[in-house]
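**Q** I would like to see how this sequence folds:
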Amino acid sequence: MIIPELPSYLSSLGGEDYKGLIIALFTLSAGLSRPFSGKLADQLGRIPVMMVGAGVCFVVSLLYPVLSFVGGFLFLRFAHGFSAGFTPTGASAYVADIVPFYQRGEAMGLQSLFGSLGMAAGPAIGGWIASYWPVEVLFYCSSFTSIFSILILLRLKETLTEKSAFQWKMFSLKKDELIEKRVLLPSGILFLSVFSFGVVLTIIPDLSTHLGIQNKGLFFAVFTLSSLGVRLIAGRTSDRLGRVVVMRVASLVMVAAMLAIGFATSKTILLCSAVLFGAAVGMYSPTTTAWVVDRSLDQFRGRALATMYIFLEVGIGLGAIVAAWLYDNNPKNFPLVFFFAAGVAALGFLILMGTKRDQKIKYPI
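**A** Now for the predicted structure:
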């Protein structure tokens, strides 16, 4: 909801040179919190972890208008990342707990479908709000939506059967609790895929303005909507043909999307590129999550998903930093940024081509 307006808001505070940190700080704190959220999800339960994330989102969004200076804004972006560090970990583990393994890809597709609906509505509504009201109103509306997440969580039944009582020593992590080695391959592929996502989040608002698109959330709305139907199809296909096959196609489509954006010289071309980008995201998002759950042990499911999200946050954050550095607030550098992202996505495809196909899942009669 707020992402499309953040670059211009930061510039209004005098911090246009720090645009790359808008996403980077958010993903940094999300990544740092993942090992803790994974451990807590496996010991305390999925719902408490999701509640922490929703609560952070509610409080931080209220504080953006209060800490309206560059340092305060950057601090809040870092704090806001803890919401992403906790809620998705708990939510993905919860979904994996309640569905049979042979429908795992389809279930992850359904979960990501609802996430996409929020990501489609958010930027479009956020851009509309910012067009008519001060940006402070946008922040308050963003905070208000978090309340609905909390209300839903209060009605859910915990799925973790063997829970432990909270102890402060749970925040002490051993070396083997930081990363789940069993899921390094799918997590690494995800890193190379979401690098482009970090580039898009950072550069598309400026590129939209450059091409004369008034609503900077339009690209985000189009790519998210284009991913909606793809998510369910991709999830089901990965259940039948395997995760690696779907990920190969997703990587190729991501390369095409980045090249198309790099060549975009009009609103029409950019929005067509958004459709391609949405298709790629719609394929790799549920497939990677299902692939990670496939390779993890049940008792360490939270840790495995946390590992995946660490790679996701690092990929997005690094993409944002590199994009801001290559762009350097110079419109002539738009093609360079997206061609570089295409190269990173192509590396993921090459690795997948050398990866042995996983076995097809046998369905019960």
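
**Q** what comes up buried for stretch 223-240?
**A** 223-228, 230-232, 234-239 (16 or more other C-beta atoms under 10 Å). To be clear about C-beta, it is placed using only N, CA and C from the backbone, and glycine gets the same treatment.

**Q** So for it, mean pLDDT?
**A** Stretch 223-240 carries an average pLDDT of 83.

**Q** Identify the residues contacting it?
**A** Stretch 223-240 has contacts (C-beta atoms under 8 Å, 6 or more residues apart in numbering) with 102-110, 112-113, 116-117, 119-120, 123, 200, 245-246, 250, 274-279, 281-287, 290-291, 360-361.

**Q** mind checking how far that stretch is from the chain centre?
**A** 16 Å (C-alpha atoms, centre = their mean, to the nearest Å).

**Q** Kindly format the C-alpha coordinates of it as CSV.
**A** Extracted C-alpha coordinates of stretch 223-240, given in CSV (Å, rounded to 0.1, in the frame of the first residue of the first chain):
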residue,chain,number,x,y,z
PHE,A,223,1.9,-7.5,-12.3
THR,A,224,0.2,-8.7,-9.1
LEU,A,225,-3.1,-9.3,-10.9
SER,A,226,-1.4,-11.1,-13.7
SER,A,227,0.1,-13.5,-11.2
LEU,A,228,-3.2,-14.4,-9.5
GLY,A,229,-4.3,-17.2,-11.9
VAL,A,230,-0.8,-18.3,-12.5
ARG,A,231,-0.2,-19.1,-8.9
LEU,A,232,-2.8,-21.9,-8.6
ILE,A,233,-1.9,-23.4,-12.0
ALA,A,234,1.8,-23.3,-11.1
GLY,A,235,1.3,-24.9,-7.7
ARG,A,236,-0.9,-27.7,-9.2
THR,A,237,1.6,-28.3,-12.0
SER,A,238,4.5,-28.5,-9.6
ASP,A,239,2.5,-31.2,-7.7
ARG,A,240,2.2,-33.2,-10.9
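
**Q** Low-confidence regions, the stretch 101-250 of the chain specifically.
**A** 167-171, 173, 175-177 (pLDDT under 70).

**Q** Please, where are all the helices along it?
**A** Secondary structure of the stretch 101-250 of the chain (DSSP state H, counting those that start in this stretch): helices at 104-132, 135-153, 184-210, 218-241, 243-262.

**Q** Reformat those as TSV; add distance to Asp97.
**A** Listed next are these as TSV, based on distance: least, C-beta to C-beta, whole Å:
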stretch	distance to Asp97
helix 104-132	10
helix 135-153	15
helix 184-210	19
helix 218-241	17
helix 243-262	19
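
**Q** right, so of those, which gets closest to Leu21?
**A** Nearest of the helices of the stretch 101-250 of the chain to Leu21, taken as C-beta to C-beta: helix 184-210 at 9.6 Å.

**Q** What number of neighbouring residues does Val200 come out with?
**A** When neighbours are defined as other C-beta atoms under 10 Å, Val200 has 29 of them.

**Q** so who does it touch?
**A** Taking C-beta under 8 Å, 6+ apart, we find Val200 in contact with 219, 223, 261, 277.

**Q** Among those residues, which pair sits farthest apart?
**A** Greatest spatial distance in those: Phe223 and Ile261, 10.2 Å, computed using C-beta to C-beta.

**Q** Now the common contact residues for the two.
**A** Residues within reach of Phe223 and of Ile261 at once, by C-beta under 8 Å, 6+ apart, are 200, 277.

**Q** Secondary structure class of the closest residue to Leu184 other than its chain neighbours, three-state.
**A** Nearest non-adjacent residue to Leu184, counting by C-beta to C-beta, 6 or more residues apart in numbering: Thr307, 7.6 Å away. Here Thr307 is recorded as helix under DSSP: H, G, I helix; E, B strand; the rest coil.

**Q** I'd assumed Lys39 was in contact with Thr307.
**A** No. Look at Thr307 against Lys39 with C-beta atoms under 8 Å: they stay out of range, at 11.4 Å.

**Q** Which one's more surrounded, the two?
**A** Applying other C-beta under 10 Å to Thr307 and Lys39 shows that Thr307 carries more neighbours, namely 26 against 23.

**Q** what separates that one from Gly235, distance-wise?
**A** Per C-beta to C-beta, to the nearest Å, Thr307 is found 20 Å from Gly235.

**Q** What of Leu32?
**A** Relative to Gly235, and taking C-beta to C-beta, Leu32 is found at 29 Å.
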